[in-house]
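# mind folding the following:
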Amino acid sequence: QSDKTVILQCFQSDEDIENQKIRTLAREADPDGKRCLGVLTKPDKIERGTEDTVIGMLRGDIYELQWGYFIVRCPNQDELKKLKGMDNLTEAGKRRCNIENDFFSSDDLGRKLRDAKPECCGSSKLLAKLSSMLHDMINEQVPGMRDKLERLVRETNKNLGDLGSSVSPEESNENLSKIIQAYSSAVQSHVNTSKNT
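A predicted model of the protein is given here:
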């Protein structure tokens, strides 16, 4: 609900967007779609001939969102099994990227989606966009945070000033010693009074 958050909506490309719960939830939190970025998944599952809706979303022609849509192709179950079996995580990561890149460069549907909006196809493009958004959000927040910290420092210094002047360690020890002696005397006199009765 905070206006300082981005809502990352993930939609399966092969299902009707109107039937996906995330759309309803995001509209409740952000009716104007000003904090929403859409991520379309499973483009390899789109039924051939029905890709116009996804292309329209990528181009911003339908179901508009402030930050638009990105489309990513994650490994399917068979591909995941092969990747999990790899010993080298760096190589597995490269292979995962290759699977996605191959889809957008070699598959007819993948090329069609890429040609519609190349800057929004692939996990690396999504990552770059999210990094840029985070950078911008941090830069927007820092001046306000600096002002708040300066105000809190002023308030704290004022509250410390209201406590009076500082006491040296020697004065502190002397005062503590006087308090202990007074307490000890009070206890001793109470003990003496109790013995006499």
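
# those strands in the protein, which residues are they?
7-12, 36-41, 69-71 (DSSP state E).

# for the shortest one, packing partners?
Right, strand 69-71. With contacts taken as 3 or more C-beta pairs under 8 Å, 6 or more residues apart in numbering; DSSP states H and E, strand 69-71 sits against strand 36-41, helix 52-59, helix 123-162. (C-beta placed from N, C-alpha, C; glycine too.)

# roughly how far is that strand from the heart of the chain?
18 Å (C-alpha atoms, centre = their mean, to the nearest Å).

# isn't Lys112 up against Glu51?
Yes. Between Lys112 and Glu51 there is a contact under C-beta atoms under 8 Å: 6.4 Å.

# what is in contact with these two at once?
Residues touching both Lys112 and Glu51 (C-beta atoms under 8 Å, 6 or more residues apart in numbering): none.

# residue contacts, Arg27?
Contacts of Arg27 by C-beta under 8 Å, 6+ apart are Gly33.

# from here on, count from 673
Renumbered: residue one is now 673, and that last one reads Arg699.

# how close does Asp787 get to Arg731?
11 Å (C-beta to C-beta, to the nearest Å).

# tell me which of the helices and strands packed on strand 741-743 sits nearest to Cys769.
helix 795-834 (7.1 Å; C-beta to C-beta).

# tilt between that closest one and strand 708-713?
For helix 795-834 against strand 708-713, the angle by axes from the mean of the first three to the mean of the last three C-alpha atoms, to 10 degrees is 150 degrees.

# any idea how far the nearest residue to Gln813 once chain neighbours are set aside is from Ile694?
Excluding its sequence neighbours, the residue lying closest to Gln813 (C-beta to C-beta, 6 or more residues apart in numbering) is Lys676, at 7.0 Å. Using C-beta to C-beta, we find Lys676 at a distance of 20 Å from Ile694.

# who has more neighbours out of those two?
Comparing Lys676 with Ile694 by other C-beta atoms under 10 Å, the one with more neighbours is Ile694, at 17 against 8.

# what about stretch 695-706, how long is it end to end?
The first and final residues of stretch 695-706 sit 14 Å from each other (C-alpha to C-alpha, to the nearest Å).

# poorly predicted segments of the chain, please.
Where the chain drops to pLDDT under 70, the residues are 673-674, 866-869.

# at 90 instead, please
Scanning the chain for pLDDT under 90 picks out 673-680, 686-708, 719-723, 732, 734-738, 746-768, 770, 805-819, 829-848, 855-869.

# residue closest to the middle of it?
Thr677 (7.1 Å; C-alpha atoms, centre = their mean).

# thanks a lot, catch you later.
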